[in-house]
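1. Turn this into a model:
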Amino acid sequence: MDQYSARLDGIFQALADPTRRAVLVELGKGPATISDLAKPFDMALPSFMKHIHFLEGSGLIRTQKQGRVRTCAIETKQFAMIENWLSAQRAIWEGRNDRLERFVLAEQNKEKPE
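-> Okay, the predicted model is just below:
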């Protein structure tokens, strides 16, 4: 597997979890501290930190520590990678749908009596 595919796998695995998606939604509003991000979730901080480490490992967020406070922020570069991959997939499927539509129309025209 190439490095690009491995990175995409990690990103989609990170996005597969609802807790991590909720963290990303919150970070979409701007940087936030770990404690602020953890408040809405009914889990121990070490369990929540596993989600943060997973997101950071996949490149979707970055963290920075100042004193005793760790702040998280979105890493936009990885989202551009996702967007590029999805755009390529969309183009493939739109092309397939267009070919299918032409085929169906051609078959319908063959069936029409003259």
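2. what sits against the most centrally placed residue in the chain?
-> Nearest residue to the geometric centre of the chain (Cα atoms, centre = their mean): Leu15, 5.0 Å. By Cβ atoms under 8 Å, 6 or more residues apart in numbering, the contact list for Leu15 reads Arg21, Leu24, Leu60. Quick note: C-beta positions are derived from backbone N, CA and C, even for glycine.
3. Using TSV, please lay out those residues together with neighbour count and secondary structure.
-> Shown next, in TSV, are these (neighbours: other Cβ atoms under 10 Å; DSSP: H, G, I helix; E, B strand; the rest coil):
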residue	neighbour count	secondary structure
Arg21	13	helix
Leu24	17	helix
Leu60	24	coil
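4. For Glu94, state which of those residues is nearest.
-> For the contacts of Leu15, the residue nearest Glu94 by Cβ to Cβ is Arg21; the value is 26.3 Å.
5. Next, the closest residue in space to the closest one that isn't next to it in sequence: phi, psi?
-> Once flanking residues are discounted, Arg21 sits nearest to Leu15: 6.1 Å by Cβ to Cβ, 6 or more residues apart in numbering. The phi and psi values for Leu15, taken as degrees, to the nearest 10, are phi -70, psi -10.
6. Please shift the residue numbers so they start at 835 in all later answers.
-> Sounds good: first residue 835 from here, last item Leu849.
7. low pLDDT regions in the protein?
-> Scanning the chain for pLDDT under 70 picks out the ranges 835, 947-948.
8. Look at Asp876 and tell me its secondary structure.
-> Secondary structure for Asp876, judged by DSSP: H, G, I helix; E, B strand; the rest coil, is coil.
9. Would you enumerate the residues in contact with Glu890?
-> Arg896, Thr897, Cys906.
10. re the thing from before, can you give me the distance of the residue nearest to the centre of the chain to Ser892?
-> Taking Cβ to Cβ, to the nearest Å as the measure, Leu849 falls 8 Å from Ser892.
11. where do the strands sit along this structure?
-> All strands of the chain, identified by DSSP state E, fall at 866-867, 895-900, 903-908.
12. Let me have the ones you listed in CSV, extended by distance to Gly844 and mean neighbour count.
-> Formatted as CSV, the strands of the chain follow (distance: least, Cβ to Cβ, whole Å; neighbours: other Cβ atoms under 10 Å):
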stretch, distance to Gly844, mean neighbour count
strand 866-867, 22, 15
strand 895-900, 13, 13
strand 903-908, 16, 16
